[in-house]
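Q: I'll drop the sequence and a predicted model, then ask my questions.
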Amino acid sequence: MSKVLIGMDKSRSFRVYLTITTDMVETARKIHMTTPLATAGMGRVLTAAGIMGVMLKNKEDKLTLIIKGDGPAKQILATADGDGNVKGYIANPDVDLPLTKEGKLDVGGSIGIGDLTVIKDLGLKEPYMGTIALVNGEIAEDLTAYFFISEQQNTSVALGVKIERDYKVGAAGGMIIQMLPGAEEGSVDALEEMIGKMPPLTTLIDGVSKRCAGKSEDGIVLELMNEIFGEMPEEYKVEPLESREIRWNCDCSEKRLEKALMSIGKTDLTEILEEDGEAELQCQFCLKKYHFDKPHLERILEEMS
């Protein structure tokens, strides 16, 4: 379980969403048995989706974040809801590329040229969908562009996943800063200066997590927020407002997979029944397998009649 700390500066010029998702990303890594490069890409998308889910107004609201490109990773998809449940997958968990010239995992290269799509199901007749061309496939910069282009919101996004030598997730987290209506000009200057000097987010998370070992999750994220914004001018110091939980949680079920079988149509399902006499479906998020024997498939066909 991870905590998202929501804060606002004293002048009410900007809002901050900050989280440490090390455990959640490590859970996803174990399930999908990803390479370090795949873990880094998937972890960034899961973290971003988790924060964006917290931004939704209602617990029942849902969000899907899709990164699709012509690179070897192919696609990364994550879903989140307003109650903090997050799940996701990468189409190619075995993706591997040489490090960049800076010695970093080449997430952008693994994604390639493509699109970022955000789908929000807010309980209305039609879901909201916004799509932009990827800026560089590094996820954070792409989301910064998405907020500006699709939601007309000046936003700064930072995402990071640190992989240890044993391929486990050493640190992961994210931060989204959004300017509020009527923001003071000085707040923008102060934020730009702060972001320009800020070390990589995973470096800060790693340091704070080790220094505050034994503290509660809330306490560690608060310490991280204080470290990031500690040198801001007094009028733009960030004060915590609330803490929300996000967690890896796949809600797949036999009923959902039954609906998937129904969606292929009576003709195709009859063909499966006659040729194979059974079907096995796997959840793409948690990789759990569901077996449907002949009587079960016959019951599904009856329901479709």
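A: Yep, that arrived. Residues are numbered from 1 along each chain as shown.
Q: what helix or strand is the residue of the chain positioned farthest from its centre on?
A: Centroid-distance maximum for the chain: residue 274 at 41.0 Å, with Cα atoms, centre = their mean. Take DSSP states H and E as the rule and residue 274 turns out to sit in helix 266-275.
Q: on contacts alone, who are the packing partners of that helix?
A: helix 294-304 (3 or more Cβ pairs under 8 Å, 6 or more residues apart in numbering; DSSP states H and E). Where you see a C-beta, it was placed from the backbone N, CA and C, and this is true even at glycine.
Q: what angle sits between the helix it packs on and helix 266-275?
A: Between the axes of helix 294-304 and helix 266-275, defined by axes from the mean of the first three to the mean of the last three Cα atoms, to 10 degrees, the angle is 160 degrees.
Q: so which bits of helix 294-304 are buried?
A: By 16 or more other Cβ atoms under 10 Å, the buried positions in helix 294-304 come out as 296, 297, 300, 301.
Q: and the pLDDT for the first one?
A: The score at residue 296 is 93. That number is its pLDDT.
Q: ok, back up a step: can you put the buried residues of helix 294-304 in JSON lines and add distance to residue 286?
A: JSON lines is the format used below for the buried residues of helix 294-304 (distance: Cβ to Cβ, whole Å):
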{"residue": "296", "distance to residue 286": "21"}
{"residue": "297", "distance to residue 286": "23"}
{"residue": "300", "distance to residue 286": "22"}
{"residue": "301", "distance to residue 286": "27"}
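Q: and the two most separated of those?
A: The distance between the two most remote of those (Cβ to Cβ) is 10.0 Å, for 296 and 301.
Q: partner strands of the helix or strand harbouring residue 89, with direction?
A: Assigned by DSSP H and E, residue 89 belongs to strand 85-90. Sheet pairing here is set by DSSP bridges, and for strand 85-90 it gives strand 75-81 (antiparallel), strand 238-248 (parallel).
Q: and among those, the most buried is which?
A: Among those, strand 75-81 has the highest mean neighbour count (mean count of other Cβ atoms under 10 Å), at a mean of 24.
Q: now do that one: everything it contacts.
A: Strand 75-81 is contacted by residues 41-42, 45-46, 48-50, 52-53, 56, 59-69, 86-91, 111, 246 when judged by Cβ atoms under 8 Å, 6 or more residues apart in numbering.
Q: just to revisit the earlier point, just how off-centre is the next helix or strand after the strand holding residue 89 within its chain?
A: In the C-terminal direction, the helix or strand that comes right after strand 85-90 (DSSP H and E) is helix 107-111. On the basis of Cα atoms, centre = their mean, to the nearest Å, helix 107-111 sits 16 Å off its chain's mean C-alpha point.
Q: thank you kindly, that will do.
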